[in-house]
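Student: return a 3D structure for these sequence lines:
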Amino acid sequence: MSEIVGGGAKKVLYTLNTVRRMGLANSAKALRAKNACKACGLGMGGQLGGMTNEAGEFPSVCNKSVQAQSTDVQTAIPSQFFSHSLDEIRELTAKELEHAGRLGRPVYKPAGASHFEELSWDAAMDIASARMADTDPHRAFFYSSGRSSNESGFVLQLLARLWGTNNVNNCSFYCHQATSVGLGSTIGTGTSTVELDDLNGCDLIFVFGANPASNHPRFVHKLIACRERGGEVIVVNPAKEPGLVRFAAPKSARSMISGGTEIASQYLQPRIGGDLAALKGLAKAVLALEAQNTPFIDDHCQGWAEFRDDLAATTWDEISTESGLSRLELERVATVYARSSNAVFAWGMGMTHHRFGSENVEYIANLALLRGMMGRRFAGLLPLRGHSNVQGIGTIGVKPVLAEDVFDNIERELGVSLPDTPGFDTLAALEAADQGDIDVACVVGGNLYAATPDSAWAAQAMDRIGLRIHLTTTLNQGHLHGVAGDLLILPVAARDEEEQSTTQESMFNFVRLSDGGIHRLPEVHSEVRILSELGQRLIPSSVVDFERFASHENVRQVIARTVPGMEALKDIGVAKKEFHVRDRLMHEPVFHTPTAKAQFRVHALPTVNEVADSYPFLLASVRSEGQFNSIIYEETDSYRYGADRRSVLVSPDDLAALKLSAGDRVDVLSAHGEMLGLSAQPFNLPMGSLLAYYPEANVLTDRERDPRSQTPRFKSIPVKLRRSVTA
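Tutor: So this is what the prediction gives:
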């Protein structure tokens, strides 16, 4: 295989072509405006300007930012489009659908109908409010993606709870909920302990189960900077991702001219599902080097003796067998960690998308605590959040269970009683739908169909929902599958089009203010306007006057008084002063646990594949360089040798064992679905590990999940591989 380098001239040219398609004036206005980037949660934009990050570094813009903006600047889908039937529209690929244009007016598809029809806003809101008024709130659920604002999320969850249900959930249950659970049990907070500036002073960065070259390109610049100042980057990932080997950073002339900068100084490739064993091996090797920080452990931690004894009882043979890594490989990396002064631990969904995702995260925390890499500057824990405000949506309460203090504060502040019955998480909401127990779903942003495991089942479950109300900027596959019931789609303003300012929270707990104010489409409404109008129609004004929540300023005032840590939100609209959520960053060894001490957690090595006799491979679903979440911008993956979306990536040794060659057609089968006629492409993977592209590979996934976080195991699906019977 020829060498692939991340970034480089091809990405510059691609970005320039995208800008050209958008138009120079449109792209300049979008990228320079004071609005948070709507792509990943790294933290660009806001009051410092669209191409400046929260540490004040300029220019901070990447291909993902430009791709996202290219969708927003599209003109409205013409009315003639809706003369085509749903069956005809379904023939469009996800990429074609994304580029069909923006939704400019509400559209509706009654149950049994074959076509969408355009509606006026009054007619659309009449349908939504009348159907909801006739629905038992317990037979409904509310869902938000991480694209929405804090203001929209707060009004959404308040509307749901005052209407009478805690069936309030969000996309984090499909991504980083295991992080929230795992960090909550170890250090007492579910988010990053470091700020962006801490990455400028560390001498070691671990990257576990993530591919930031594709998904968080701005983070790669921090990895490069760490290497350039003499630090180390250790990548732990089953796939040898070319963009994490070398990356030509467009911002750096030296990196571009040299053909790319070396990213990983050490690269460990555990087999899929071998992460916990690899982490145990690293911890065991650190102890053998006597590199633990004993004073820190004695003063600030609990559970040390049990943790130490469990490591002693776990043999190297067990660790090597389960991880697929040799003792020598793990000891070599442990030696690098043992001599580091300031280490940051970053991870993505490669760690959380397993039945033991929470345990994986707890063990990352264990590894950091072992050497006291917590509670000080330039060291700590960094979950790599995939969407621009997924963390903020959780902070302000878009989840089934509100924190006790937030619950009490809302009741006191608004003089209301909130329901205390259990609410559905994301997957549980769809399981209820499959049982016929959901009449209405209100979905704000995202693509819930594409995000849900077991695609055939997901469509079946959604078919059984009486009315789905979607608030969105564009059409996606989720509006075309599982639509046997009524479907109402309401077009919303993009972040930079909001008539009032909005706020978003980065993965570093930094709250940014987006000005909005760009006018593109005349008939789109803000999410807050739509939700507050629904509130006015459904909730008596004697309970809460939802008309006041049409004002984002009023929403922020209530958030500031009810959500601990968000007090500074009350002035942000006027003072324009962005801030870190209080008590999140850990620059002092103060832990928010009941004992005020961090807790070491002990776990046995899990059984990853219980059906290996029938399904000997484990498959992970992955994103390509040309996509963001379920949004597809390009059909091929330039960082994986041009593989198209109908490919399965296979170890060359496995190809040889199966007597297959590159490009041969193969079938991938699981207990829940099949993908036929895929192109087998060689990729640097451990034997027994496969990759296929999300969301297409969701036909193979099942509803097995981490019982603690309810996160599905998208990254460890038992499958078998055979030469295609259709070839």
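
Student: spatially central residue for the chain, please.
Tutor: The structure's the chain has its C-alpha centroid closest to residue 386; by CA atoms, centre = their mean the separation is 3.4 Å.

Student: residue contacts, that residue?
Tutor: Counting by CB atoms under 8 Å, 6 or more residues apart in numbering, residue 386 makes contact with 40-41, 146, 175-176, 215, 348-349, 629. All C-beta spots, glycine's among them, are computed from the backbone N, C-alpha and C.

Student: repeat that for 10 Å
Tutor: Residues in contact with residue 386, defined by CB atoms under 10 Å, 6 or more residues apart in numbering, are 39-41, 146, 171-172, 174-176, 210, 215-216, 348-349, 507, 623, 628-629.

Student: again with residue 397
Tutor: 150, 153-154, 156-158, 160-161, 168, 170, 403, 406-407, 410, 559, 562-563.

Student: pLDDT weak spots in the stretch 251-400 of the chain?
Tutor: For the stretch 251-400 of the chain, the stretches with pLDDT under 70 are 251-259.

Student: just the element for residue 286, please.
Tutor: helix 275-288 (DSSP states H and E).

Student: next helix or strand past that helix?
Tutor: Next in line after helix 275-288, if elements are assigned by DSSP H and E, sits helix 294-300.

Student: strands paired with the helix or strand following that following helix, and their directions?
Tutor: Reading on from helix 294-300 to the C-terminus, the next helix or strand found by DSSP H and E is strand 301-302. Strand 301-302 has the following sheet partners, assigned by DSSP bridges: strand 598-599 (parallel).

Student: and residue 343, what are its phi and psi?
Tutor: For residue 343, the backbone dihedrals (degrees, to the nearest 10) come out as phi -110, psi 140.

Student: residue 333 is in contact with that one, correct?
Tutor: No: contact criterion CB atoms under 10 Å: residue 343 and residue 333 do not qualify, at 11.5 Å.

Student: overlap in contacts, these two.
Tutor: 206, 232, 234.

Student: quickly name whichever of those is closest to residue 717.
Tutor: residue 206 (25.4 Å; CB to CB).

Student: next secondary structure after the host helix or strand of that closest one?
Tutor: Per DSSP H and E: residue 206 is located in strand 204-208. Where DSSP H and E defines the elements, the next helix or strand beyond strand 204-208 is helix 212-215.

Student: what residues are up against residue 691?
Tutor: 238-239, 272, 619-622, 640, 643, 647-650, 681, 683, 685, 697, 715.

Student: which positions within stretch 299-311 qualify as buried?
Tutor: For stretch 299-311, the buried set under the neighbour-count rule, 16 or more other CB atoms under 10 Å, comprises 300-301, 303-304, 307-308, 310-311.

Student: about what we covered before: helices - which of the contacts of residue 397 land there?
Tutor: Per DSSP state H, helices hold the following members of those: 150, 153-154, 156-158, 160-161, 406-407, 410, 559, 562.

Student: among these, which two are most distant?
Tutor: 150 and 407 (17.8 Å).

Student: look at those two and report which has more neighbours.
Tutor: Taking other CB atoms under 10 Å, residue 150 and residue 407 do not tie; residue 150 has more neighbours (26 against 16).

Student: list the neighbouring strands of the helix or strand hosting residue 679 plus their orientation.
Tutor: Element membership for residue 679 (DSSP H and E) is strand 674-682. Applying DSSP bridges to the sheet, strand 674-682 is found paired with strand 647-650 (parallel), strand 665-669 (antiparallel).

Student: right, I'll call it a day here.
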